[in-house]
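# next input, structure requested:
(chains A, B and C)
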Amino acid sequence: MTITENPSPRATEADSSFTQPISRLGDRVFGGLSFGAAALILVALAAVAIFLFTEGLPAFTADEGEFNRSFLAYVGPLVFGTTYAAAIALLLATPVAVAVALYISHYAPRRLAKTLGYFIDLLAAIPSVVYGIWGIAVLAPILSDSLYPWLEDNAAFLPFFGPTASTSGRTMMTAGIVLAVMVLPIITAISREVFVQTPRLHQEASLALGATRWEMIRQAVLPFGRSGVISGAMLGLGRALGETMAVAIILAPANGYFWNVITNQNSNTIASNIALSFPESSGLEVNRLIASGLVLFAITFGVNAMARKISSTGFSGAD
Amino acid sequence: MMLITDTVEPTGFEPDDAMTSGSYTRRIRAAIGGAALLVGAFSWLPGGSVNLARWVVVSILAYIALTYVVARRIESKRQATDRLATAVVTSAFLVVLLPLVSVIWTVVERGSNRFDSTFYTETMRGVFGEIEGGGYHAVVGTLVVTGLTTLMSVPFGLFAAIYLVEYSSKSSLFSRAVQALVDVMTGIPSIVAGLFAYAFFVFLDDIPVLTVLSTGVGHRSGLAGAVALTLLMTPVVIRASEEMLRLVPNELREASYALGVPKWKTIVKVVLPTAVAGILTGIVLAVARVIGETAPLLVTVGLAQDTNWNPFDGRMTTLSIFTYYQYVQPGVPPQVGQDRAWAAALSLVIIVGILFTIARILSTILKPKGLR
Amino acid sequence: MTEFIYSPASAQTATVASGVAVDTRNGIEVTDLDIYYSDFLAVEGVSMTINPRSITALIGPSGCGKSTFLRSLNRMHEVIDGAYVRGSVVINGNDLYGPGVDPVAVRRKIGMVFQRPNPFPTMSIFDNVIAGYRLNSKRMRRAESEDLVEKSLKGANLWDEVKDRLDKPGSGLSGGQQQRLCIARAIATSPDVLLMDEPCSALDPISTLAIEELMLELKNEYTIVIVTHNMQQAARVSNRTGFFSIAGTGKPGNLIEMDSTEKIFSNPAQQETQDYVTGRFG
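This is a model prediction of the structure:
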């Protein structure tokens, strides 16, 4: 084998090149940019907190003469409406989401599983304004035709379903159902991930003892996935709390605390209220809307923090 | 560790445990299905007019109930429960498909009324009454605002992700704070992001030297909208990029360092090209997420009747806002406005669908061979 | 530059004929090296002479610091946050750890091959070989780079197998071929020294044999230091062997003994070395 020593491109470097600094400029610039971007995140969130607070403060501190009620009286019904709508959404979405996740992870034909998951994810991609107009144009009439009269007739003893059922369908129930549809893909995606990660060992142990598929799921998959499902539900809750357009389009808002979900009188949500009122507002009214936005941010922040806590502590899959 | 005996009934020699299951055949399942449909029909027959919704709902419930009852008779209780579970889970999936199909069907059906060249070439300037008008200005607005947002959030998010993966030490307070804040950012309600952008530009307007960014009447501008959307899009870009960067095996970085390649060149020439498929996919999906945003833009960008290419000055309209206003404030006669709204909605859904498809194609094409 | 025709005999002749000049080029002198990971002392007080144009093997039980030591020879261990050394490593009169020395520059002069073959998946075989230049933005004319690729691949005994598919991705090769590709990549930059960190542990026996034969050829041109878990391998290929060991978990690793390979495996001076090579522990 012949090896010829070429005058390699390196041959021009003297041996003292160890001590010559190779251009550190690239490293400094690039590292600086990266660090700067990370620092910008801190700055941005601090800015969000600061600006919202300073612009919202005038509303907190305004004396009662400015508006005809205190800020608390203003925001109370809105908080109620926000939580109410989100609660309905979560109540409807979570069991269905878990069932769908189970279907995809354990029941559907293996070859289809990925495509089916893809379809569910498509639900998440549809913009909320489209859900809003679909809700009011298609879903609301269906519900006011089929469901609400039936509920009024048969379940009016419950405070949720009293008289008079809406004929337009612009009710809290409709909004809640649309929110449920919007929030379901999130819960399903996270649940699916967790269910798929159930250790084969546990599942096979169950089956080897003669358990049916459902029994195996109840014994091995669901306990393992419990904290994941909860954290997914909380993330969905966070989204439902902040959802604006679908609610703004569907609900017929009124001022107050309304428990009845099938009438035309509904408490509004914070987000929807901002969306509806902001374009026409000015002066202190704007400050008040921003202050209500701050309240919403605080609520969703709390919910998301809890979701993170649950998913980080409960995720190990220990029985 | 849960013991099997906790939840399963004790076994013994009972007909329940026979190795041969009952004859729960396909035919029986079909018969149950038919019976369920029949029961469902009773939910509206008395009323006279066909009520599809009731039919579907009651039929599904009937199917589930009948499945359990029949299986209980033919097979054992355990198997009946199993079949019940299967029926419930499958029904859940079908039920979830219903709104998906309905939304897409509605949007396509109603949107196609105005899915024509007029819609995409006309604006709303001077449009009233029966004049067709169009959404050209809305398409322009969507492009401008989304383009600006992408321009701002991609470098921002990518570099932040690079910092988190390549430069920071996991335990440092700074990087833990950044990680936590990125989480917070993912949870910001979209309307709050809009409020922030609004407040921020109000603040800017008060600083004389910055009036170059002055946003015109009522603090509305495309730039403000882009700032709000950047706040929403950046964390998505960060999370996706972070994941992809972490997937790059450390050995590749080591091979590059051992060749005497400085760190930044290693990142640019080895790590990023290896992760590029996933990162691009993440970016496309992030764009799909913000392109339909309405709430933050209501607050920052407002509504315009005419085309505005300038994000620094004055109101714009995006497809999402256009959809909203055309539907809830359609003018007279309402049908014309609502048709426009549906056409805009259809445009949005198509765009999102295209973006999703692009993401799928990207992730399969660009993946380097031999990796994953 | 001079042209050498390599066969073991003529290499010896060249050494004898030109005397000292050839002997000391590219040898490594390590003096009192302590290697730290933040506060933890991983390797303590290593001093050794690594002869040029030969293969030096480092053996020892798991966790004794031999890989750490190897990586300190091209300052790779510094990639980990907070790692540093005390002591000196001198090659051709330059202390790698002298003041103002850039680790990146050091690594350009020393090649490294890793345990698991790691060709760059986004690059072709051709690009992988000259990655040392490409990634450092060193321009080369097409003819020059083609010559270099051919030379390096031939040097790694891989040319015949891949010469028809140089533009295919590097990850499409078998494990043994990938490792030889990594060796070609390492020698393409004409390093003074070639470091190999358990280069065969992820390979099958036939590929291992091919790489060992390659090593025996390469040692005529490069100073090779290899860390290996496989004592038989060390006995087969190396001229000198260093035995590392560790007193217990949490304690630093030490160089117990270093001598000609023959002596280490047949009649070592230290009892611990004897215990290890006869399989009493490790």
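# nearest spatial neighbour of B:Trp44, skipping sequence neighbours?
Nearest residue to B:Trp44, sequence neighbours excluded (Cβ to Cβ, 6 or more residues apart in numbering or on different chains): B:Asn51, at 3.9 Å. Quick note: C-beta positions are derived from backbone N, CA and C, even for glycine.
# which ones are touching the one you found?
By Cβ atoms under 8 Å, 6 or more residues apart in numbering or on different chains, B:Asn51 lies in contact with A:145-146, B:43-44.
# if you set the cut-off to 10 Å instead, what comes out?
A:142, A:145-146, B:40-41, B:43-45, B:57-58 (Cβ atoms under 10 Å, 6 or more residues apart in numbering or on different chains).
# what does B:Val88 give?
Contacts were defined as Cβ under 10 Å, 6+ apart; by that measure B:Val88 touches A:95-96, A:99, A:102-103, A:214, B:60, B:63-64, B:67-68.
# select only the buried ones of those residues in ChimeraX?
Selection command for ChimeraX covering only the buried members of those, criterion 16 or more other Cβ atoms under 10 Å in any protein chain shown:
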select /A:96,99,102,103,214 /B:60,63,64,67,68
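# got the contacts of B:Val88 as a markdown table, with secondary structure columns?
Rendered in a markdown table, the data for those read as follows (DSSP: H, G, I helix; E, B strand; the rest coil):
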| residue | secondary structure |
| --- | --- |
| A:Pro95 | helix |
| A:Val96 | helix |
| A:Ala99 | helix |
| A:Leu102 | helix |
| A:Tyr103 | helix |
| A:Trp214 | helix |
| B:Ile60 | helix |
| B:Tyr63 | helix |
| B:Ile64 | helix |
| B:Thr67 | helix |
| B:Tyr68 | helix |
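# just for the stretch 251-372 of chain B, where's the confidence low?
Applying pLDDT under 70 to the stretch 251-372 of chain B flags residues B:367-372.
# can you show me the strands along it?
Here the stretch 251-372 of chain B has no strands by DSSP state E, counting those that start in this stretch.
# in it, what residue comes closest to chain A?
Ranked by Cβ to the nearest Cβ, the top residue of the stretch 251-372 of chain B for proximity to chain A is B:Gly292, at 2.4 Å.
# quick one on the thing from earlier: just the contacts of B:Asn51: which are in helices?
By the criterion of DSSP state H, membership of those in helices covers A:142, A:145-146, B:40-41, B:57-58.
# now do the same contact list for the most centrally placed residue in chain A.
In chain A, the residue lying closest to the centroid (Cα atoms, centre = their mean) is A:Arg239, at 2.4 Å. With contact taken as Cβ under 10 Å, 6+ apart, A:Arg239 is in contact with A:86, A:89, A:124, A:128, A:179, A:182-183, A:185-187, A:300, A:303-304, B:187, B:189-190.
# for the most centrally placed residue in chain B, what are its contacts?
By Cα atoms, centre = their mean, chain B has its centre lying nearest to B:Arg289, at 5.4 Å. Counting by Cβ under 10 Å, 6+ apart, B:Arg289 makes contact with A:124-125, A:127, B:190, B:229, B:232-233, B:236, B:352, B:355.
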